[in-house]
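S.K.: this one's sequence-less:
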């Protein structure tokens, strides 16, 4: 039987309509996001920023949570590889242990990106992180100014540094920046002790150091989670806590800018905090991943350039070629009690 | 006193002798160590771990491990903070905290005795699950600025004494009495020593083991209450890694992993020794890169002294 041209036209149009969803399904990008543990306020925000940007660009994203286990993170990434995602972005729980999964990802031809931390081995296309050395240096400069203010312009005093986990790159860089600034002043003594990112350990260090050094002038902490331990530690030894501006106040400042940290700065328990743009890492890296999938290496920013976007909290960001690979170091900035209530800070943004 | 009796006395109190040597050495070589303020600090540092160690010691004496203590501590702190932030009265919040610990303990006991799971596996399950629950309840947030009344156990004072130190003393005396002078205490030792013999002699082993786990859960939850007060905050990450410290303190104090051997006073010695070691390292401001190595060497030194005494005792026999 001979079919009319209209019939063939309908078949053609119908075929196109039917194949459209399939074609779009093939085109739709799927990214994998491997979080080291979403129980942490900062990590939750990094993940939220990544997922939000993906949604905005119409990208499907599969989020896995390694629950602070290096082994689980490796398994999670292998699952994402098996799922056939187009790209994987991870915040490594352990920079060395994740390398096995990164190499498997390289073998599978899936581009691998990281946020906040690098990896020891395997090819990472790009890492976006805060400029932790700069954050430490800003904290050092503020501490220097506070000490000079206290001692009539003379740079002297005794400062306790409560570190994170010794050996971890973030903790090392935050220490490096701080020491770079203050070690130029021989009359400033820095007592460095590891708090292992543990509030109670921060309390113990504060109590013991204040006992050994009742003349302590300031405390620099590597993460906001130490603040409650510092405040209560000072109370436990001195019997009272002098807020910012009150006589006998011990200067307290550090790095992070999470909700509790900003609250404490606003309440004048701490002098200030160096804020990292955690919620905006995703806004920066997701478009680069999309572009990389289209154009390859050409899409990556060149080392030495400065990325600028008006109004973005990560801007300006430096593109740096390190031994670990290509990295973008985002802007960090200091806020005191006057600025801690700013609703634009990630720590003040609502969760949903 | 005969020589052997003297040696037995020394062996029974070896951890206290090690503490005495440690304190004398540091009084000579560590500035600000031998001060009332610093002894107060050591006791404050010991209190939270010390409370957890009481529960862990009961479990170890009955021949079981409890890995879930630190997660129970975190869950209790988080539940208490959430309760008061949701306008529940403080006494009710405290009840919720303590009940959560007893519930976790009951689950541990039931998994071990009713389902027949190994205590390591059973408490590993709750260790993971309960920490996860604490994380889920607050989605990783730290809750801070708690009501003063909730912070009483952690930061209050009775006269010149911090409540934490009073609690540590009272709880050790109380539970030492329970272990030594009550039928339940004797049953704990008997079950730990030989479960079959205990059952044949008419002891309800299920009840003893479940009670021991509930006690451990209750004390861990109480430690959570003290920690929340001490730090005026609650985080689902509270107590991370504490289970290893708790077991180390109990074992350094001479409590056997096989059960049935040891005493609470020795466990308290283990707690004080670990806290004093950390305190001395902080007072000396040891390099952050070497602090763990030196801590390990100090613990090794303490355990080696203990081992030497045991050898001496055997030689005498």
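M.R.: Happy to help now that I have it. Computed from a predicted structure; not experimentally measured.

S.K.: Where does the prediction get shaky in the stretch 1-150 of chain A?
M.R.: Across the stretch 1-150 of chain A, the ranges flagged by pLDDT under 70 are A:1-27.

S.K.: just the strands in it please.
M.R.: Using DSSP state E, counting those that start in this stretch, the strands found in the stretch 1-150 of chain A span residues A:30-35, A:60-65, A:87-90, A:112-115, A:126-130.

S.K.: do the stretch 151-300 of chain B as well
M.R.: Going by DSSP E, counting those that start in this stretch, the stretch 151-300 of chain B shows strands at B:157-158, B:161-162, B:233-234.

S.K.: can these go into TSV with extra columns for mean neighbour count?
M.R.: All C-beta spots, glycine's among them, are computed from the backbone N, C-alpha and C. Conversion of the strands of the stretch 151-300 of chain B to TSV gives the following (neighbours: other CB atoms under 10 Å in any protein chain shown):
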stretch	mean neighbour count
strand B:157-158	12
strand B:161-162	18
strand B:233-234	30
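
S.K.: do you know which of the ones you listed lies nearest residue A:76?
M.R.: Nearest of those to residue A:76, taken as CB to CB: strand B:233-234 at 28.4 Å.

S.K.: Pull the distance from that closest one to the chain's centre.
M.R.: Mean-position distance between strand B:233-234 and its chain equals 20 Å (CA atoms, centre = their mean, to the nearest Å).

S.K.: residues touching whichever residue of the stretch 201-317 of chain B sits closest to chain A, list them.
M.R.: For the stretch 201-317 of chain B and chain A, the shortest gap (CB to the nearest CB) falls at residue B:282, measuring 3.5 Å. By CB atoms under 8 Å, 6 or more residues apart in numbering or on different chains, the contact set of residue B:282 is A:193, A:204-205, A:208-209, A:212.

S.K.: can you rerun that using 10 Å?
M.R.: With contact set as CB atoms under 10 Å, 6 or more residues apart in numbering or on different chains, residue B:282 has these partners: A:160, A:191, A:193, A:201, A:204-209, A:211-212, B:41, B:45, B:291.

S.K.: returning to what we had before: deepest in the core, which of the strands of the stretch 1-150 of chain A is it.
M.R.: strand A:87-90 (a mean of 27; mean count of other CB atoms under 10 Å in any protein chain shown).

S.K.: Give me the nearest residue to residue 106, chain neighbours excluded.
M.R.: Because you didn't say which chain, this covers chain A. Leaving aside its sequence neighbours, residue A:106 sits nearest to residue A:123 (CB to CB, 6 or more residues apart in numbering or on different chains; 5.1 Å).

S.K.: wrong chain, I was asking about chain B
M.R.: residue B:214 (5.4 Å).

S.K.: Which pLDDT value goes with the residue of the stretch 101-250 of chain A at minimum distance from chain B?
M.R.: Closest to chain B within the stretch 101-250 of chain A is residue A:208: 3.5 Å, counting by CB to the nearest CB. What the model reports as pLDDT for residue A:208 is 97.

S.K.: That one sits in which helix or strand?
M.R.: helix A:199-212 (DSSP states H and E).

S.K.: ok, how many other residues are close to the residue of the stretch 251-352 of chain A found nearest chain B?
M.R.: Closest contact between the stretch 251-352 of chain A and chain B, by CB to the nearest CB, is at residue A:260 (4.8 Å). When neighbours are defined as other CB atoms under 10 Å in any protein chain shown, residue A:260 has 21 of them.

S.K.: Also residue B:114?
M.R.: 10.

S.K.: Am I right that it is in contact with residue B:210?
M.R.: Yes. Residue B:114 lies in contact with residue B:210 (CB atoms under 10 Å); the separation is 8.4 Å.

S.K.: Stretch A:160-180: end-to-end distance?
M.R.: 15 Å (CA to CA, to the nearest Å).

S.K.: distance between the ends of stretch B:146-165?
M.R.: Using CA to CA, the span of stretch B:146-165 from its first residue to its last is 21 Å.

S.K.: Counting neighbours, show which residues of stretch B:109-122 come out buried.
M.R.: By neighbour count on 16 or more other CB atoms under 10 Å in any protein chain shown, the buried set for stretch B:109-122 is B:109-113, B:117, B:119, B:122.

S.K.: Format the residues you listed as a markdown table; extra columns: pLDDT and secondary structure.
M.R.: Formatted as a markdown table, the buried residues of stretch B:109-122 follow (pLDDT from 0 to 100; DSSP: H, G, I helix; E, B strand; the rest coil):
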| residue | pLDDT | secondary structure |
| --- | --- | --- |
| B:109 | 97 | helix |
| B:110 | 97 | helix |
| B:111 | 97 | helix |
| B:112 | 96 | helix |
| B:113 | 95 | helix |
| B:117 | 95 | coil |
| B:119 | 95 | helix |
| B:122 | 96 | helix |
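
S.K.: Go through those and name the one nearest residue A:117.
M.R.: When those are ranked by distance to residue A:117 (CB to CB), residue B:122 comes first, at 34.8 Å.

S.K.: Nearest residue to the closest one in space, please, no chain neighbours.
M.R.: Nearest to residue B:122 is residue B:111, by CB to CB, 6+ apart, at 3.7 Å.

S.K.: Same question for residue A:265.
M.R.: Among residues not flanking residue A:265 along the chain, residue A:340 sits closest, at 4.1 Å (CB to CB, 6+ apart).

S.K.: do residue B:165 as well
M.R.: residue B:43 (4.6 Å).

S.K.: Against residue B:36, how distant is the one you found?
M.R.: According to CB to CB, to the nearest Å, residue B:43 and residue B:36 sit 11 Å apart.

S.K.: more neighbours, those two?
M.R.: A direct count of neighbours by other CB under 10 Å for residue B:43 and residue B:36 places residue B:43 higher, at 21 against 8.

S.K.: Quick one: name the residues of the stretch 201-317 of chain B near chain A.
M.R.: B:227-242, B:275, B:278-292 (CB under 10 Å from any CB of the partner chain).

S.K.: List the ones among the residues you listed that fall in helices.
M.R.: Among these, the members falling in helices (DSSP state H) are B:227-231, B:242, B:275, B:278-283, B:291-292.

S.K.: quick one: contacts for residue 264?
M.R.: The chain I'm using is chain A. A:224, A:227-228, A:230-231, A:252, A:258, A:270, A:273, A:337, A:340, B:144-145, B:233.

S.K.: The chain in question should be chain B.
M.R.: Residue B:264 neighbours (CB under 10 Å, 6+ apart): B:50, B:53-54, B:57-58, B:61, B:171-180, B:185, B:250, B:253, B:255.
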